[in-house]
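In: Could you work out the structure for the sequence below:
(2 chains)
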Amino acid sequence: MRRYVWLLIALALVIAYPWVFSTPFQQRLGALVLLYAIAASAWNIIGGYAGQVSVGHVVFFGCGAYAAMGAYAHYGLSPLVGIPAGFAASVAIAAVIGVPTLRLAGHYFSMATIAVAELARLIVTNTDYLGAAVGLSGPTVPRNVFDLSFISALPYYYLFLIVLAITLVITWWMARSRMGFYLRAIKDSERAARSLGAPASRTKLHAYMLSAGLTSVAGALYAMMFGFVDPESGLGILISVKILIMAALGGAGLLFGPLVGAAILVPLEEISNAWLGGKGAGLTFVVYGAIIMLIARFQPGGILALVNRLLSKRKGAPHAP
Amino acid sequence: MSMSKLVGLLSAAAIMMALGTSAFAQQKTVKIGAVFPLTGQAASAGVHAKAAIEVALDIINNAHPELGNFPLAKNAGLAGLGGAKLEVVFADNQGSPATGQNQALRLITEEKVVALTGAYQSGITLTTSAISEKYGIPFVNGESVAANLTERGFKWFFRTTPIATDFAKVYYDFLTEMKASGAKTDHIALVHDTTEYGASVAATITSAFKEKGIAIAQDVAYTTNATDVQSQVLQLKEKKPDVVIMISYTSDAILFAKTMQSLDYKPPMLLADDAGYSDPSFLKAVGKISIGAFNRSSWSVGAPGSATAIIAKLYKDKSGDEMDDTAAREMQGFFVLADAIDRAGSTESAKIQAALKATDMKPEQLMMGYKGIKFDDKGQNILASGLIIQLQDGENYVAVFPKANAEKAPVMPYKGW
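Out: Modelled structure (predicted):
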């Protein structure tokens, strides 16, 4: 019961955030946190729960982004139309690349996903239909509300919040289902899980496809907000890394881990850039990198794992009379 | 563990402090935002852009009578605003269209800048200017050449630089003149990378020449940051084109020059499209084996004592490098913006926009070799143009075309080393 009270308080805080921190930059910062939280939560399904560290998730991110911008650029449709298309394409791509790559164990899987992502970037860079190196733009001047091109970040904030909530509910439901138990068993020891009859390959593939589809939604929303995608911003390997670091920092395999990670890293990146970026010394990345290193060194399980441990310690401690 | 708690607390504190800080805008100075790639792959270009703008600030904010009638130089500050000083708030786009847009939003809403300039990479200029359009803040771009930037129906976006179609025209005119003077220019090869810059410039040149009835005979593409271009050079060697047009960034341009030497290949005419060939580090590395290369530029140092020569000196003192075409175009864009604010006599967006629309600068008021500055309805400078320069001594370019601006006559054929 206590847990639900805390959850409700947290939700109320998240809903109230853009009214408390109401400057455009703060509101946009909030929207970006939620956006990256969606992507990191989607990655969490395969990377956190199943323990298969995909570094090529940007393929799905880009898929969504290109579908959204393509719907507008080629057919004059609302970028929203691209979301289901990008979702379907991502799930299909995940199925095709998942069958061979998910057979690889540990680092080899990660390396294969990097290769796939780089391949996708090179193909798109040379495909005129996808704007090649120039990229695709969204509607510059919004025609109607469905173009999702707003001045204020407020509509984006609540839209992203709803999508994040859906993503988290799906993850929560999955984690409690038979699939979730299989995934955790596979994460602990795939060989042991298999020997007990868990359908490891199929379960991993399903998790990969689900994760891919949800990642594409994040990509589509990203492209809509910024109104542009090119091979570097839609398929650059750094986006994969960023998503991965957020999930790992917050706590991979924990429901709210990616959200916590995004809530720390996105403001850290934007604010350190705002403070130090103009000096032109690259200090932003030094600070950013140093904090990630400190956390990786002292709390590799992620921030949320630390919090959980502290809480359970307090609970376990004998009450003073 | 206590360490990680501390880190958590510190970062939380940093975030809260930053969120609480709002701009204490003071209207004593006029603030302009500049978004450039100060880190990332294009950091060198961004850092040079920053230096160029700082030199422009020095010229505007302090009295520089030695520059003669150069706009805004004679007295300190903006005369139209009672001598108000300009202040530029720099922001780093990190080479990302998203970061560029976030930073533009911050500059507009937190720093309360009255206008923006930047953002070097065309894709980032695209997203960055989209936010200034939504907020109704003038955006003056001096360097991004992607054609679509001024095809968006924007009302707050102005671009001073010539774009690929202008360059294509210069190349055509130049080759026509060279042909008239006896050079062979029938068989043209394009060498370009597959980046946005390389692909779009190559496509523009191809279609512009096609309109004039000239087909590009050979199209050689390569991936940028190449480690080996032997096969590309061998393709050229085999087909023996009369003119090779090079569209390359610095590292690739250097590699091509070295590879051409090692494979002993010299095209009769080598014409470069700015970029890598204008980079001071290109000249340092392979200038001596690229003698006779033609290049496109809108910047020319000019005679000693001239305004451009003084500006070039100020820039070199600031940055340690020779002024290159890109930095000069950025600086020119910034001067146009400052001039518009001065003429507007106000920091109101609408008045600056109106002043920009009314811009009509003459060649003698410019540091660049443009025919002037005058914007069309789309915000593109219709008087933008370029020069053809040649590396005759392997160290410095001299202007050779058009005749009106030429310092020396073009020398043929390409000598190489």
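
In: only C-alpha atoms for contact and neighbour calcs from this point on.
Out: Fine.

In: give the contact list for B:Ile382.
Out: Counting by C-alpha atoms under 8 Å, 6 or more residues apart in numbering or on different chains, B:Ile382 touches B:373-376.

In: Now the phi/psi pair for it, please.
Out: Here is the backbone geometry of B:Ile382 (degrees, to the nearest 10): phi -80, psi -10.

In: now do the one 3 residues further on
Out: Note on B:Ser385: its backbone torsions stand at phi -160, psi 180 [degrees, to the nearest 10].

In: Now do stretch B:72-84, average pLDDT.
Out: Mean pLDDT, computed over stretch B:72-84, is 90.

In: And stretch A:313-321, by the same measure?
Out: If you average the pLDDT over stretch A:313-321, you get 56.

In: and the residue of the stretch 251-400 of chain B nearest chain A?
Out: The nearest approach of the stretch 251-400 of chain B to chain A comes at B:Ser319, 13.1 Å away (C-alpha to the nearest C-alpha).

In: So what's the residue count around that residue?
Out: Neighbour count of B:Ser319, defined by other C-alpha atoms under 10 Å in any protein chain shown: 17.

In: tell me the contacts of the closest residue to it other than its chain neighbours?
Out: Nearest residue to B:Ser319 in three dimensions, chain neighbours excluded: B:Ala51, at 5.9 Å (C-alpha to C-alpha, 6 or more residues apart in numbering or on different chains). Residues near B:Ala51 by C-alpha under 8 Å, 6+ apart: B:315, B:318-319.

In: Can I get these in TSV including pLDDT and secondary structure?
Out: Formatted as TSV, the contacts of B:Ala51 follow (pLDDT from 0 to 100; DSSP: H, G, I helix; E, B strand; the rest coil):
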residue	pLDDT	secondary structure
B:Tyr315	95	helix
B:Lys318	93	helix
B:Ser319	90	helix
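
In: on that earlier part again, quick check on the contacts of B:Ile382: which are buried?
Out: B:373-375 (16 or more other C-alpha atoms under 10 Å in any protein chain shown).

In: The helix or strand of chain B with the lowest mean pLDDT: what's the following helix or strand?
Out: Within chain B, no helix or strand scores below helix B:2-20, which has a mean of 51 by mean pLDDT, DSSP states H and E. Using DSSP states H and E, the helix or strand that directly follows helix B:2-20 along the chain is strand B:29-36.

In: Give me the angle between the helix or strand following that following strand and strand B:29-36.
Out: Next helix or strand after strand B:29-36 toward the C-terminus (DSSP H and E): helix B:43-61. Interaxial angle of helix B:43-61 relative to strand B:29-36 (axes from the mean of the first three to the mean of the last three C-alpha atoms, to 10 degrees): 160 degrees.

In: Who are the contact partners of A:Ile114?
Out: Neighbouring residues of A:Ile114 by C-alpha under 8 Å, 6+ apart: A:54-56, A:237.

In: which of those residues come close to chain B?
Out: Among those, no residue is within reach of chain B (C-alpha under 8 Å from any C-alpha of the partner chain).

In: So which of the buried ones among the contacts of B:Ile382 are in strands?
Out: Using DSSP state E, no member of these falls in strands.

In: Dump those to CSV, plus pLDDT and distance to chain A.
Out: Formatted as CSV, these follow (pLDDT from 0 to 100; distance: C-alpha to the nearest C-alpha, whole Å):
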residue, pLDDT, distance to chain A
B:Ile373, 95, 26
B:Lys374, 95, 24
B:Phe375, 96, 20
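
In: Near chain B, which residues of chain A are found?
Out: Counting by C-alpha under 8 Å from any C-alpha, chain A sits next to chain B at A:21, A:23-26, A:28, A:125-126, A:132-135, A:140, A:151, A:226-228, A:230, A:232-233, A:264, A:267-268, A:270-271, A:273-274, A:277-282, A:291, A:294-295, A:298-299.

In: Just give the number of residues close to A:Leu13.
Out: A:Leu13 is flanked by 12 other residues according to other C-alpha under 10 Å.

In: Tell me which helix or strand it sits in.
Out: helix A:2-20.

In: roughly how far is the next helix or strand after that helix from the heart of the chain?
Out: Downstream of helix A:2-20, the next assigned helix or strand under DSSP H and E is helix A:24-44. Relative to its chain's centre, helix A:24-44 lies at 8 Å (C-alpha atoms, centre = their mean, to the nearest Å).

In: and helix A:24-44, what's its mean pLDDT?
Out: Average pLDDT, helix A:24-44: 95.

In: Could you pull out the helices in the chain for me?
Out: As the question left the chain open, I've gone with chain A. Using DSSP state H, the helices of chain A run over residues A:2-20, A:24-44, A:58-75, A:82-101, A:107-125, A:154-176, A:178-188, A:190-195, A:200-226, A:231-235, A:237-250, A:257-276, A:283-298, A:303-316.

In: Chain B, not that one
Out: B:2-20, B:43-61, B:97-109, B:122-135, B:164-180, B:196-211, B:230-239, B:250-262, B:280-286, B:307-319, B:325-344, B:349-357.

In: Now tabulate those helices in a markdown table and tack on distance to B:Lys85.
Out: Formatted as a markdown table, the helices of chain B follow (distance: least, C-alpha to C-alpha, whole Å):
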| stretch | distance to B:Lys85 |
| --- | --- |
| helix B:2-20 | 27 |
| helix B:43-61 | 6 |
| helix B:97-109 | 18 |
| helix B:122-135 | 23 |
| helix B:164-180 | 35 |
| helix B:196-211 | 36 |
| helix B:230-239 | 52 |
| helix B:250-262 | 36 |
| helix B:280-286 | 32 |
| helix B:307-319 | 19 |
| helix B:325-344 | 10 |
| helix B:349-357 | 16 |
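
In: mean pLDDT for the ones you listed: which is lowest?
Out: Across these, the lowest-scoring stretch is helix B:2-20, with a mean of 51.

In: Just name the closest of the buried ones among the contacts of B:Ile382 to A:Asn308, please.
Out: B:Phe375 (61.2 Å; C-alpha to C-alpha).

In: Show me what that closest one is bridged to.
Out: Under the criterion DSSP bridges, B:Phe375 forms beta bridges with B:Asn381.

In: wait, it sits on B:Thr359?
Out: Yes. Counting by C-alpha atoms under 8 Å, B:Thr359 is a contact partner of B:Phe375 at 7.0 Å.

In: list the contacts for residue 34?
Out: No chain was given, so I picked chain A. Neighbouring residues of A:Leu34 by C-alpha under 8 Å, 6+ apart: A:157, A:160-161, A:164, A:259, A:262-263.

In: could you do chain B instead?
Out: Listed by C-alpha under 8 Å, 6+ apart, the contact set of B:Ala34 reads B:88-91, B:116-119.

In: Quick check: the gap between it and B:Ala130.
Out: According to C-alpha to C-alpha, to the nearest Å, B:Ala34 stands 15 Å off from B:Ala130.
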